[in-house]
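K.L.:
Make a model of this:
(5 chains)
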Amino acid sequence: MKVGIADTTFARIDMGRIAIDELRKLSGLKYERYTVPGIKDLPVAAKKLLDSGCDIVITLGWVGRTQKDLVSYLAMSVGLITVQILTGKHVIDVTVHEDEADDEKKLLEVAENRIREHVRNAVDLLLNPKRLQKLAGTGQRQGYPDVGPILK
Amino acid sequence: MKVGIADTTFARIDMGRIAIDELRKLSGLKYERYTVPGIKDLPVAAKKLLDSGCDIVITLGWVGRTQKDLVSYLAMSVGLITVQILTGKHVIDVTVHEDEADDEKKLLEVAENRIREHVRNAVDLLLNPKRLQKLAGTGQRQGYPDVGPILK
Amino acid sequence: MKVGIADTTFARIDMGRIAIDELRKLSGLKYERYTVPGIKDLPVAAKKLLDSGCDIVITLGWVGRTQKDLVSYLAMSVGLITVQILTGKHVIDVTVHEDEADDEKKLLEVAENRIREHVRNAVDLLLNPKRLQKLAGTGQRQGYPDVGPILK
Amino acid sequence: MKVGIADTTFARIDMGRIAIDELRKLSGLKYERYTVPGIKDLPVAAKKLLDSGCDIVITLGWVGRTQKDLVSYLAMSVGLITVQILTGKHVIDVTVHEDEADDEKKLLEVAENRIREHVRNAVDLLLNPKRLQKLAGTGQRQGYPDVGPILK
Amino acid sequence: MKVGIADTTFARIDMGRIAIDELRKLSGLKYERYTVPGIKDLPVAAKKLLDSGCDIVITLGWVGRTQKDLVSYLAMSVGLITVQILTGKHVIDVTVHEDEADDEKKLLEVAENRIREHVRNAVDLLLNPKRLQKLAGTGQRQGYPDVGPILK
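P.N.:
Residues are numbered from 1 along each chain as shown, chains lettered A, B, ... in the order given. Below is the predicted model of the structure:
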């Protein structure tokens, strides 16, 4: 089995490197990395990785602060979902929005944590889907602390 | 016949468990459950459940409070509708938006009620579509009290 | 020839009944009715009606007042257009937005008038497309009085 | 070769008539006209015209002033682009938004000019694509005066 | 190998000429140019260029200042991503938004720089994908100075 990792030159953090690092910690899965310019290039990158034999893809996007960036994020999201529907395979989208934090250090922390947690999700979807089922409804968050379930 | 149930680890309530509980109360239908990280993973989850033999799928999504979350909700909705068009089968989408209530207890109540009512809708679509036709235009709501028809 | 009529239990008016009443007044066309819970279920309902032999479908949607409802309306609209493109057949969408009138009586009036006028449109598309061509550019409205053409 | 012309009864100007008039002035091309109720019916109208042998289609839409109308315009636009991608043929979309002018006389002028200029574009795409290439980057506008290129 | 270049008559700069100039500086790749009226015509232009043998396409769009223009940009973006998913080939979208600068001279500068940098990206995707991988996460921008990576 092989994991595709698609990242961008637009991002301000080497998101692909972090994803690969986490993937190696968690599993012996092979991977294929593909870097594109920006988020609107990620859907076809995911499609190409799936076509070249990947069983799942992790896309790593970095989104700017403007309304135009949010519109591009919407187009990317619709595209990534279309790729999944057409191939029947998961594409786990890890998106960091630049306006999530005012502070670069905080943004770095959010991004790294989000990437590592979503790599774990991708590995579980491939190898251990029962772990995700155990976590159903428990308020898992990626990038921030889990919020936990609402208790009766 | 088999019902697919797709839920998320992002949700703060075990929505899948409630759906299964209601399904058992209403019918002897078999089910298959599939848990994914978040709402943008639900369209492919629905597609996979339909491909593995489900006759209908219930997706259980939990949406955050920000404009980004609403954009993700739109992408998910377009994707779920695409899955249905391509397969010719229903995917009943149960979405809870975190900003529907300020109070966790109220949110829990809305969510549980919405899930149970939509499971009923899904069962009726499969087994008893005439019941839905009798309720046409009667202002049914899921999660809140029915508003009822406008009377002449 | 057969007309599909898809309506919802969410609506506060029995839109399907009005559509069938108007269809009978205007033509001897057969019809098939299919009721679903809400507007996001209408695209697959239309697809199923076309697959079961309908030559045209009229969808009858009722949309709430919130921004989330408008987002759902967008997803539904994209879906209904996709169904039409894939099948090459018309789906006439009759949508009533709850915020079109503050007054229930007025809303009822708008809805009934809109349904009846769109049933006429659907019948003409099937049986008498030249009538629509004669009305081209004449400012026809459904639910409100026609605004008429702009005169030189 | 044949040009499809799709227009609506919603429009307040006989857009189809103007388009046909311009087409006759510019070329001896055959045409087929198809009138539908409103803008959300235009994508399937374009698809049907292409399926019946048209080499290009001109759609003529008239959009109301509300946010709901803008949402419908988005759904129509996505649909028209999908039709083009699936068929590999151009659909030239001529849209007039009612809020482009407060004054009916001005709106009529904008609409007529926009239609005539886009008919010219459609004819050029079919018969004389080199003319468009000569105009590349020259700030052409349809409905308003050309703004011209930015000069160094 | 061949590069498709699609541009518009709406743009106020001869974006196609700049792209071709840069392509010649960087490579001996053949190209095919196709000019269309506006941005909503770019997705089918890209599809036609890919169908006629191009291995990658660069689309060059110019977007006006209004909310309607942003909606059209969204429709175009969804369409360009769909073309890529269906063909498995990249379409590098170079968009200039008129409201990015108040000053025409600045806008010209942003546009020219953005085009040249994205032509470089397209050439690298075809001939030298490893260069992009080396730049992953380094905050590359097109049209503005690179922002660089966030350093720990």
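K.L.:
how about low-confidence regions in chain A?
P.N.:
For chain A, not a single residue meets the criterion pLDDT under 70.
K.L.:
Please, where are all the helices along it?
P.N.:
A:15-26, A:42-51, A:67-87, A:104-127, A:129-134 (DSSP state H).
K.L.:
so can I have a markdown table of those showing mean neighbour count and distance to chain D?
P.N.:
Any C-beta I mention is one placed from the backbone N, CA and C, and that applies to glycine too. Listed next are the helices of chain A as a markdown table, based on neighbours: other C-beta atoms under 10 Å in any protein chain shown; distance: least, C-beta to the nearest C-beta, whole Å:
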| stretch | mean neighbour count | distance to chain D |
| --- | --- | --- |
| helix A:15-26 | 19 | 30 |
| helix A:42-51 | 25 | 14 |
| helix A:67-87 | 22 | 9 |
| helix A:104-127 | 20 | 29 |
| helix A:129-134 | 14 | 33 |
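K.L.:
Throw those into TSV and include distance to chain E, thanks.
P.N.:
Converted to TSV, these look like this (distance: least, C-beta to the nearest C-beta, whole Å):
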stretch	distance to chain E
helix A:15-26	5
helix A:42-51	4
helix A:67-87	4
helix A:104-127	5
helix A:129-134	26
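K.L.:
Select, out of the ones you listed, the one closest to residue C:12.
P.N.:
Residue C:12 lies closest, by C-beta to C-beta, to one member of the helices of chain A: helix A:67-87, at 31.1 Å.
K.L.:
which strands and helices sit next to the closest one?
P.N.:
For helix A:67-87, the packing partners by 3 or more C-beta pairs under 8 Å, 6 or more residues apart in numbering or on different chains; DSSP states H and E come out as helix A:42-51, strand A:56-63, strand A:91-97, helix B:42-51, helix B:67-87, helix E:67-87.
K.L.:
Single out the residue in chain A that lies closest to chain C.
P.N.:
residue A:78 (9.2 Å; C-beta to the nearest C-beta).
K.L.:
returning to what we had before: now the helices of chain A as a markdown table including distance to residue C:119?
P.N.:
Formatted as a markdown table, those follow (distance: least, C-beta to C-beta, whole Å):
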| stretch | distance to residue C:119 |
| --- | --- |
| helix A:15-26 | 54 |
| helix A:42-51 | 40 |
| helix A:67-87 | 33 |
| helix A:104-127 | 47 |
| helix A:129-134 | 47 |
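K.L.:
Nearest to residue D:92, out of those helices?
P.N.:
helix A:67-87 (22.4 Å).
K.L.:
and chain A, which residues reach chain B?
P.N.:
Taking C-beta under 8 Å from any C-beta of the partner chain as the measure of proximity, chain A contacts chain B at A:70, A:73-74, A:77-78, A:80-82, A:84-85, A:88-93, A:97, A:118, A:121, A:125, A:129, A:132-133, A:135-142, A:147-150, A:152.
K.L.:
show me the residues around the residue sitting nearest the centre point of chain A that make contact.
P.N.:
Residue closest to the average C-alpha location in chain A (C-alpha atoms, centre = their mean): residue A:94, at 2.6 Å. Shown in contact with residue A:94 (C-beta atoms under 8 Å, 6 or more residues apart in numbering or on different chains): A:15, A:19, A:58, A:59, A:60, A:61, A:114, A:115, A:118, A:142.
K.L.:
The first one and residue A:42 touch, don't they?
P.N.:
No: counting by C-beta atoms under 8 Å, residue A:42 is not a contact partner of residue A:15; they are 11.4 Å apart.
K.L.:
So for those two, which residues contact both of them?
P.N.:
Shared contacts of residue A:15 and residue A:42 (C-beta under 8 Å, 6+ apart): residue A:8.
K.L.:
Format the contacts of residue A:94 as a markdown table; extra columns: distance to residue B:36.
P.N.:
Output for the contacts of residue A:94, formatted as a markdown table (distance: C-beta to C-beta, whole Å):
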| residue | distance to residue B:36 |
| --- | --- |
| A:15 | 21 |
| A:19 | 18 |
| A:58 | 14 |
| A:59 | 15 |
| A:60 | 18 |
| A:61 | 18 |
| A:114 | 16 |
| A:115 | 18 |
| A:118 | 12 |
| A:142 | 13 |
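K.L.:
Closest to residue D:11 out of these?
P.N.:
Using C-beta to C-beta, these come closest to residue D:11 at residue A:61, 40.6 Å.
K.L.:
now that closest one: how far from residue D:146?
P.N.:
38 Å (C-beta to C-beta, to the nearest Å).
K.L.:
and those two? which has more neighbours close in?
P.N.:
Comparing residue A:61 with residue D:146 by neighbour count (other C-beta atoms under 10 Å in any protein chain shown), the higher total belongs to residue A:61, at 26 against 15.
K.L.:
what residues are up against the residue nearest to residue A:104 when sequence neighbours are not counted?
P.N.:
Leaving aside its sequence neighbours, residue A:104 sits nearest to residue E:150 (C-beta to C-beta, 6 or more residues apart in numbering or on different chains; 4.8 Å). For residue E:150, the contacting residues are A:12, A:13, A:104, A:107, A:108, E:139, by C-beta under 8 Å, 6+ apart.
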